[in-house]
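Asks: Got a predicted model here, sequence first, then my questions.
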Amino acid sequence: MYVVAAFYRFTPFDAPEALKKPLAACACAAGVTGTILIAPEGINGTIAGSREGIYTVLAHIRTLPGCAAIEWKESHAEDPPFGRLKVRLKREIVTMRQPGVDPTCAVGRYVEPGDWNALISAPDVAVIDTRNDYEVAIGTFRGAINPATASFSDFPAWWEANRAALSGKRIAMFCTGGIRCEKSTNWLISQGAEEVFHLKGGILKYLEEVPEEESLWDGACFVFDRRVSVRHGLEEGEHTLCHGCRRPLNPADLKRPEYEAGVSCHHCLNEHSEEDRARFRERHRQMALAAERKG
C-alpha cells in the first residue's frame with residue numbers, strides 16, 4: 001500500500017532554484033516518487049511512497065522558508081501512482097497568469113467540509129467549479145456552475161464575462177485540493193466581489209470527511225496520478241486515461257468504436273492526424289513490450 005500526500009504552500013522563495021537539488025536528493029533517498037513544483041510564490045506537489053518516506057520528505061519541506069505549518073491531504077493506492085520523481089522549477093505553482101494575484105494577502109473565507117452542504121444549498125449562493133472541463137466532466141457538486149475552461153488561466157476571462165449575471169450572489173468556489181481556490185478567490189476579491197467562500201481542503205477533504213449518504217457530490221474526482229479518479233472515502237475510481245489526449249474515460253467509453261488503447265478516444269479522434277496516431281500506436285507497442293520484459 002502506497003501513501004499519497006498532496007500539499008501546497010504559498011510563501012515567497014527568494015531563491016527557489018537553490019531548493020530544488022536538496023529536495024530532490026531527500027525524496028530520492030526516501031524512495032518517494034511524484035511531482036513537486038517550486039516557484040517564487042511557493043511549493044505544490046503530490047508524492048507517493050512508504051509512510052516513513054513521505055514523512056521524511058514532508059519534514060524536509062517544513063524546514064523551507066514559510067513552510068513550517070504546511071498541511072497535506074493523505075490517501076492511499078494499491079499500485080505505484082507515479083513512475084518517477086520530478087522536481088521542477090516553475091513561474092507559478094498553479095498557472096493563472098495574473099501578476100497581481102497574491103494569496104498571501106487575501107483569500108476567500110474557508111468553509112469546513114462539514115459546513116459546505118449548508119452553504120451551497122442556500123438560494124443566494126452561486127457555486128463555481130474552478131477546475132478544467134475534463135475534470136468537471138466526471139464529477140462535481142450538484143448545482144455547481146461549470147465555467148468550461150480548458151485551463152485555469154482561462155478563469156479570469158470567464159469571470160469577466162459572467163460577473164454581471166452573478167451580481168448580488170455570494171460566491172462559493174471549490175477545486176481538487178484547494179490550491180486553485182487560493183488564487184481564484186484572491187482574484188475575485190481584487191475585482192470587487194464581497195462575499196467569497198471556498199471549500200477548505202478541496203474536494204479531496206470533502207470526500208474523505210463527509211459520509212456518502214450525506215454528500216452533495218456526484219461522480220468521481222479527477223486526480224493527477226495513475227489512479228485517475230477517486231470516490232467517497234478516497235477509494236480509487238474506475239476511470240482510466242486516454243493516452244492520446246490525457247482525458248479520463250469510464251468503462252463504457254472503452255467500448256466505444258472511437259477508442260483505441262494508447263491512441264485515441266471519442267474526445268480526441270479528430271484532434272490528431274493519422275501520423276500522430278501512428279506515432280501513438282508505436283509508443284503504445286513499445287510500452288507494452290517494456291512491461292512484458294519487466295514482468
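Replies: Alright, I've got the coordinates. These numbers come from a predicted model, not from an experiment. Residues are numbered from 1 along each chain as shown.
Asks: CA atoms for contacts and neighbours, from now on please.
Replies: Noted.
Asks: so His284 is in which element?
Replies: helix 274-294 (DSSP states H and E).
Asks: So what touches that helix?
Replies: Here helix 274-294 makes contact (C-alpha atoms under 8 Å, 6 or more residues apart in numbering) with Gly244, Ala261, Gly262, Val263, Ser264.
Asks: In stretch 226-240, which residues are buried?
Replies: Using 16 or more other C-alpha atoms under 10 Å as the test for burial, stretch 226-240 gives 226-237, 239-240.
Asks: re the thing from before, tell me which two in the contacts of helix 274-294 are the farthest apart.
Replies: The most widely separated members of the contacts of helix 274-294, counting by C-alpha to C-alpha, are Gly244 and Ala261 (8.8 Å).
Asks: Which residue of these two possesses the greater neighbour count?
Replies: Using other C-alpha atoms under 10 Å, the more surrounded residue of Gly244 and Ala261 is Gly244, with 22 against 15.
Asks: residues touching that one, list them.
Replies: Counting by C-alpha under 8 Å, 6+ apart, Gly244 makes contact with Gly262, Val263, Ser264, Cys265, Cys268, Arg277, Phe280.
Asks: Can you tell me how far Gly192 is from Pro81?
Replies: 41 Å (C-alpha to C-alpha, to the nearest Å).
Asks: Pick out whichever of those two has more residues nearby.
Replies: Between Gly192 and Pro81, Pro81 has the larger neighbour count (other C-alpha under 10 Å), namely 22 against 8.
Asks: what's the closest non-adjacent residue to that one?
Replies: Excluding its sequence neighbours, the residue lying closest to Pro81 (C-alpha to C-alpha, 6 or more residues apart in numbering) is Arg226, at 4.7 Å.
Asks: Would it be right to say that the one you found lies in a strand?
Replies: No. Read with DSSP: H, G, I helix; E, B strand; the rest coil, Arg226 is coil and lies in no strand.
Asks: So it is in contact with Phe82, correct?
Replies: Yes. Using C-alpha atoms under 8 Å, Arg226 makes contact with Phe82 at a distance of 6.4 Å.
Asks: you'd agree Val3 is in a strand?
Replies: Yes. Under three-state DSSP, Val3 falls within a strand.
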